[in-house]
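[1] After the sequence you'll find the predicted model.
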Amino acid sequence: MILQWHPKIVRPWRDSGCYLHSICFLTNKYRGYLLSPEIINALYDKWLKAGYISSQCLVLKPTDIFASMGLRVRWDGIWHPPERHCKPTEMEILRFLYSGEYNGRWVEWIHFVVGDGASHIAFDPWGVSLTASQGQLTDKRIFERLAA
């Protein structure tokens, strides 16, 4: 799987597309959806025009994004606590917060990664991000896979 910071991926995705990249990882895992920088850039344009994301990669309609890649899911809209474990048909995207000093200045960063169902990191879109490796897991989005 290519990483979010790949130089051929559009800048908004590289800067803040971790939630989108996590969705792409899950559709690759469960549906075999192949990705390349060119495909990711085309998806960015498609989803922006459809209103599924903002120009800065804020995910507005995650279930529609999954569906457009061939994976039907249900989301309850809840930001679940880290203690919540997934059922066998569920997938999780974890949200981390890093608050601290970085290069002499105070920062607060949010980063999304794919979880393993028990709040452990299975895939970090950045590779090994400071936010996920040293930050705090604040909540998670849980998606239930539906029959095709």
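    That came in fine, so what should we check first?
[2] Does residue 76 touch residue 141 like I think?
    No: counting by CB atoms under 8 Å, residue 76 stays clear of residue 141, with 9.2 Å between them. For glycine as for every other residue, the C-beta is placed from the backbone atoms N, C-alpha and C.
[3] When the two are compared, which one has more neighbours?
    residue 141 (22 against 10; other CB atoms under 10 Å).
[4] pretty sure that one is in a helix, no?
    No: counting by DSSP: H, G, I helix; E, B strand; the rest coil, residue 141 is not part of a helix but strand.
[5] So for the most far-flung residue of the chain relative to its centre, what's the pLDDT?
    Relative to the mean C-alpha coordinate of the chain, counting by CA atoms, centre = their mean, the farthest residue is residue 104 (28.5 Å). Residue 104 carries a pLDDT value of 95.
[6] Kindly report the same for residue 148.
    For residue 148, pLDDT reads 72.
[7] Next, residue 15: secondary structure please.
    With three-state DSSP as the criterion, residue 15 reads helix.
[8] what's near enough to touch it?
    Taking CB atoms under 8 Å, 6 or more residues apart in numbering, we find residue 15 in contact with 56, 57.
[9] Next secondary structure after the longest strand that the chain contains?
    In the chain, with assignment by DSSP state E, the single longest strand is strand 90-102. On the C-terminal side of strand 90-102, the nearest following helix or strand under DSSP states H and E is strand 105-115.
[10] I am finished for the moment; much appreciated.
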